[in-house]
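Student: A structural model of the following input is requested.
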Amino acid sequence: MTEGQDAPDLTLPAGQDALIQAIAAANPHTIVVLQTGGPVLMPWLDQSESVLEAWYSGAGGAEAIADVLFGIVNPSGHLPMTFPKSVGPLSGFGLPNKQPFDVPHPLDSEVGYRSAEQAALFSFGHGLSYTRFTYSAVQLATGGALTVSFKVRNTGAVKGKAVPQVYLTSAGGKRIKRLVGFAKVELAPGDEQRSTVIIDKMLPAAESTRLGCRRK
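Tutor: Residues are numbered from 1 along each chain as shown. Alright, predicted model coming up:
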């Protein structure tokens, strides 16, 4: 993958999917580290112990990946895009290469995490940690700005960062899904903190809106 050339498909190049499948078949505790520039298919997912998406991490990438794998750093990253289960429902695949062409978007912007039609392998906003968090006492406030506040507690055994996300789930009586805000909270085991998210002012105008708060 480069800035000047699109990937031809969502498979890993040079037979790497087959290589991962062979290694995972020999060792069910295999951890797969992906260094990719975008979503990929994972036909070997059920055979592997876990997957770490490291993107293109640069000169210090090896040390950073090792710190996560050995538990020196607790990961808190979340996906900025959806990883699909298959390319079947996606627009633009199987079209002529290196030729001008139109790409149909029959679902308009209702794709990826916004789509109710397309099942995701890992959805936008997904991310795991070596600890666990709970959320309570959610409050919605209006005034100068629309805000959502809630308590976040680290119920696990290690220090970590929670990334709660607030989504618009309906507007004007219609189902709609939009990320409208998020926060990042670092907590030691057992600690609790109230966090406040200021909602984007560009929310669709509607008589009735419904907000959902969650951590993926």
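
Student: what about R194, how many residues close to it?
Tutor: Per other Cβ atoms under 10 Å, the neighbour tally for R194 reads 12. (Glycine included, C-beta is placed from N, CA and C.)

Student: ok, Y167 next?
Tutor: If you count neighbours by other Cβ under 10 Å, Y167 ends up with 20.

Student: A strand includes V152, no?
Tutor: Yes: membership of V152 in a strand is supported by DSSP: H, G, I helix; E, B strand; the rest coil.

Student: tell me the bridge partners for it.
Tutor: Y135, Q193 (DSSP bridges).

Student: residues in contact with it?
Tutor: Counting by Cβ atoms under 8 Å, 6 or more residues apart in numbering, V152 makes contact with F133, T134, Y135, A162, P164, V185, L187, E192, Q193, R194, S195.

Student: switch the cut-off to 7 Å
Tutor: Residues in contact with V152 (Cβ atoms under 7 Å, 6 or more residues apart in numbering) are F133, Y135, A162, P164, V185, L187, E192, Q193, S195.

Student: highest neighbour count among those?
Tutor: Highest neighbour count within the contacts of V152, by other Cβ under 10 Å: A162, with 23 neighbours.

Student: relative to R194, how far out is Q139?
Tutor: Distance of Q139 to R194, computed by Cβ to Cβ, to the nearest Å: 9 Å.

Student: mutual contacts of these two, please.
Tutor: Shared contacts of Q139 and R194, defined by Cβ under 7 Å, 6+ apart, comprise S149.

Student: on that earlier part again, and the contacts of V152, which two are furthest apart?
Tutor: Pairwise distances across these peak at 13.1 Å for P164 and E192 (criterion: Cβ to Cβ).

Student: so where do the strands sit in this protein?
Tutor: Secondary structure of the chain by DSSP state E: the strands cover 31-34, 50-53, 83-84, 120-122, 133-141, 147-154, 160-162, 165-171, 174-182, 185-187, 192-198, 209-214.

Student: right, I'll leave it there.
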